[in-house]
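Colleague: Next come a sequence and a model predicted from it.
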Amino acid sequence: MTNEPLFNKGTILNNTIKIIDYIGSGGQGEVYLVKYYDKQYALKWYYAHIVNQNLKRVIINLISKGAPNQHFLWPIKLVEENNQFGYLMELRPPNYRSLNEWVKLEFDMNLSTIALACFKLTNAFNKLHAIGLSYKDISLDNIFVDPKRGDILICDNDNITANGINVGGLLGTPKFMAPELVMGSTIPNTESDQFSLAVLLFYILLVSHPFEGRLEANITCFNDLSAKMLYGTDAVFIYDEANPSNRPVLGIHNNAINLWPIYPKYIRDLFHKTFTIGVRNPLKRTRESEWRTAFLKLYNSLFKCSNCGQENIYELKKYQSQGKLDPCIYCKQDFQIPPRIGIKDNIIVLSEEKGLFVCHINPNEPANLTLVGRINKISSDYIITNVSKLNWKINGQKILPQMSKTLINGDIIDFGLTTGEIRF
């Protein structure tokens with residue numbers, strides 16, 4: 001029998017908040033669509049047995065701090081009624097889909113969207129950890145993505161506290177918990193967040209778990225003891241270069257087998273570090289800023305095959321050693337490589353779908369995705385338009401905001417803080 005919602009439609013709280021509709025429930029409480037003055041919000045209302053002063057202090061502290069950035073559905077107002085409470089937060093727009101749906105293959109994302117989503121996700125947790133907070137429960141359940149734009153929203157932020165403090169006793173979601181949490185040797189903190197984040201990224205890129213290979217396939221009766229061994233005491237990365245005992249099994253772990261070779265070595269190396277040496281040494285795990293740099297590099301390198309339209313990855317070292325890239329990984333045909341711009345150590349493949357961001361030309365803003373250079377292709381010509389507020393120079397010629405120029409091989413673009421060279 002389904003329990004009735006705590007509030008009926010039309011109920012008024014605090015004389016200002018009107019219940020419009022019931023959205024859903026979880027282990028801690030219920031969520032409602034509400035109207036507060038002239039705007040709609042989501043209200044999370046805690047069950048009576050959950051309510052305590054420590055939780056209330058956590059919510060008040062989060063409200064006072066404010067969200068680390070726009071990707072958190074953060075508590076914005078405490079709501080109290082009859083010795084119980086909840087909080088208001090912004091509504092999640094309907095175009096966002098749960099990452100749980102992603103691993104069930106219920107919607108599609110191209111590789112550029114995945115790279116952007118991972119970039120924004122790792123940057124969001126970098127912002128959170130930089131202000132001394134830890135999330136404690138990173139998992140597929142709590143992250144939502146816009147499949148077209150790669151924007152992300154992080155939900156269930158009421159478990160966030162200062163690093164090293166655990167008010168509610170939450171250890172995390174099984175399969176995402178760091179080995180030290182599985183073994184009960186510590187409480188959630190920034191380093192365990194970094195491990196959970198790496199597991200989440202592995203799921204996004206490979207639709208697989210980093211420890212589920214032959215060892216998991218050989219378990220005949222999965223119970224708490226076997227889970228503790230697989231994810232804790234005896235955890236072995238499925239692509240551990242020094243220990244092949246837990247390789248993915250064909251027919252069972254096909255996603256990991258098929259997708260692992262697609263990603264460049266600099267992505268695979270970051271996973272390898274966290275899931276090998278980082279298993280036993282939390283301080284050796286990949287940092288959020290390292291992930292952010294890698295995913296921007298991946299995004300920069302993506303381009304569509306001129307034959308089938310599927311995305312491929314431009315790898316400079318492979319191009320330099322071979323004088324060309326391998327054929328398209330999808331249609332197996334050779335393709336035309338779009339022009340690239342080299343800015344310091346970064347190679348950015350230019351296309352109409354992408355363009356240049358602030359983070360490409362300003363080393364002081366490594367996470368700023370504001371567009372500054374738009375790319376258009378007319379016939380065989382590639383044209384760049386300065387959509388920033390700054391003056392550029394191309395081969396000494398001043399390019400004012402909103403001015404355009406056809407690119408040719410060897411062009412030098414002076415962006416002010418840095419320069420780039422066009423390569424065909």
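Modeller: Perfect, I can see it now.

Colleague: So which helix or strand of this structure has the lowest pLDDT on average?
Modeller: Among the helices and strands of the chain, helix 316-322 carries the lowest confidence by mean pLDDT, DSSP states H and E, at a mean of 69.

Colleague: any idea which helix or strand comes after that helix?
Modeller: strand 340-343 (DSSP states H and E).

Colleague: Now stretch 375-387: buried residues?
Modeller: 375, 382, 384-387 (16 or more other C-beta atoms under 10 Å). No exception for glycine: its C-beta is placed from N, CA and C like everyone else's.

Colleague: again with stretch 45-58
Modeller: Buried residues in stretch 45-58 (16+ other C-beta under 10 Å): 45-46, 51, 55, 58.

Colleague: what does the average pLDDT come to for it?
Modeller: Taken as a whole, stretch 45-58 carries a mean pLDDT of 92.

Colleague: One more: stretch 147-161?
Modeller: Confidence for stretch 147-161, expressed as mean pLDDT, is 95.

Colleague: for it, how far is the first residue from the last?
Modeller: The straight-line separation of the ends of stretch 147-161 (C-alpha to C-alpha, to the nearest Å) is 30 Å.

Colleague: Please apply the same query to stretch 139-151.
Modeller: By C-alpha to C-alpha, the extent of stretch 139-151 from end to end equals 17 Å.

Colleague: Of the buried residues of stretch 45-58, just say which sits nearest to Gln336.
Modeller: Gln336 lies nearest to Val58 out of the buried residues of stretch 45-58, by C-beta to C-beta, at 55.2 Å.

Colleague: which residues touch Tyr299?
Modeller: Residues in contact with Tyr299 (C-beta atoms under 8 Å, 6 or more residues apart in numbering) are 112, 115-116, 119, 354.

Colleague: Take these and keep only those in helices.
Modeller: In this view, those that belong to helices under DSSP state H are 112, 115-116, 119.

Colleague: As JSON lines, those residues with neighbour count, distance to Lys318 and pLDDT would be great.
Modeller: Formatted as JSON lines, these follow (neighbours: other C-beta atoms under 10 Å; distance: C-beta to C-beta, whole Å; pLDDT from 0 to 100):
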{"residue": "Ser112", "neighbour count": "18", "distance to Lys318": "20", "pLDDT": "95"}
{"residue": "Ala115", "neighbour count": "26", "distance to Lys318": "18", "pLDDT": "97"}
{"residue": "Leu116", "neighbour count": "25", "distance to Lys318": "23", "pLDDT": "97"}
{"residue": "Phe119", "neighbour count": "24", "distance to Lys318": "23", "pLDDT": "98"}
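
Colleague: Looking at these, spot the one nearest Phe85.
Modeller: Using C-beta to C-beta, the shortest approach to Phe85 within the ones in helices among the contacts of Tyr299 belongs to Phe119, at 35.8 Å.

Colleague: Tell me who's in contact with the closest one.
Modeller: Going by C-beta under 8 Å, 6+ apart, Phe119 touches 150, 292, 295-296, 299, 367, 369.

Colleague: any chance of the ones in helices among the contacts of Tyr299 in a markdown table, plus distance to Ile19?
Modeller: Shown next, in a markdown table, are the ones in helices among the contacts of Tyr299 (distance: C-beta to C-beta, whole Å):
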| residue | distance to Ile19 |
| --- | --- |
| Ser112 | 41 |
| Ala115 | 40 |
| Leu116 | 36 |
| Phe119 | 38 |
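
Colleague: Please spell out the segments of the stretch 1-150 of the chain that come in under the pLDDT threshold.
Modeller: Counting by pLDDT under 70, the stretch 1-150 of the chain contains low-confidence residues at 1-2.

Colleague: Do you have the strands of it handy? List them.
Modeller: Counting by DSSP state E, counting those that start in this stretch, the stretch 1-150 of the chain has strands at residues 12-13, 17-25, 29-36, 39-46, 77-81, 84-89, 97-98, 133-134, 143-145.

Colleague: List the contacts of the last one.
Modeller: Counting contacts by C-beta under 8 Å, 6+ apart, the residues outside strand 143-145 that touch it are 92, 96-99, 102, 109, 117, 121, 151-155, 200.

Colleague: if I pick the nearest residue to Ser112 once chain neighbours are set aside, what's in contact with it?
Modeller: Distance criterion C-beta to C-beta, 6 or more residues apart in numbering; nearest residue to Ser112, sequence neighbours excluded, is Leu302 at 5.1 Å. Contact partners of Leu302, counting by C-beta under 8 Å, 6+ apart, are 111-112, 115, 311-314, 349, 354.

Colleague: Same question for Trp74.
Modeller: Going by C-beta under 8 Å, 6+ apart, Trp74 touches 62-63, 66-67, 89-90, 157.

Colleague: mind running it again at 6 Å?
Modeller: Counting by C-beta atoms under 6 Å, 6 or more residues apart in numbering, Trp74 touches 67, 157.

Colleague: distance of it from Asn159?
Modeller: Going from Trp74 to Asn159 by C-beta to C-beta, to the nearest Å gives 12 Å.

Colleague: And Pro210, by the same measure?
Modeller: Computed as C-beta to C-beta, the Pro210 to Asn159 distance reads 23 Å.

Colleague: hmm, back to that, next one: the residue nearest to Ser112, what pLDDT does it get?
Modeller: According to the prediction, Leu302 has pLDDT 94.

Colleague: thinking again about what came up before, right, and out of the buried residues of stretch 45-58, which lies closest to Gly27?
Modeller: Distances from Gly27 to those, taken by C-beta to C-beta, are shortest for Tyr46, at 10.5 Å.

Colleague: burial measure for the closest residue to that closest one other than its chain neighbours, as a count.
Modeller: Closest residue to Tyr46 apart from its sequence neighbours, by C-beta to C-beta, 6+ apart: Gly29 at 4.1 Å. Neighbours of Gly29 under the rule other C-beta atoms under 10 Å: 20.
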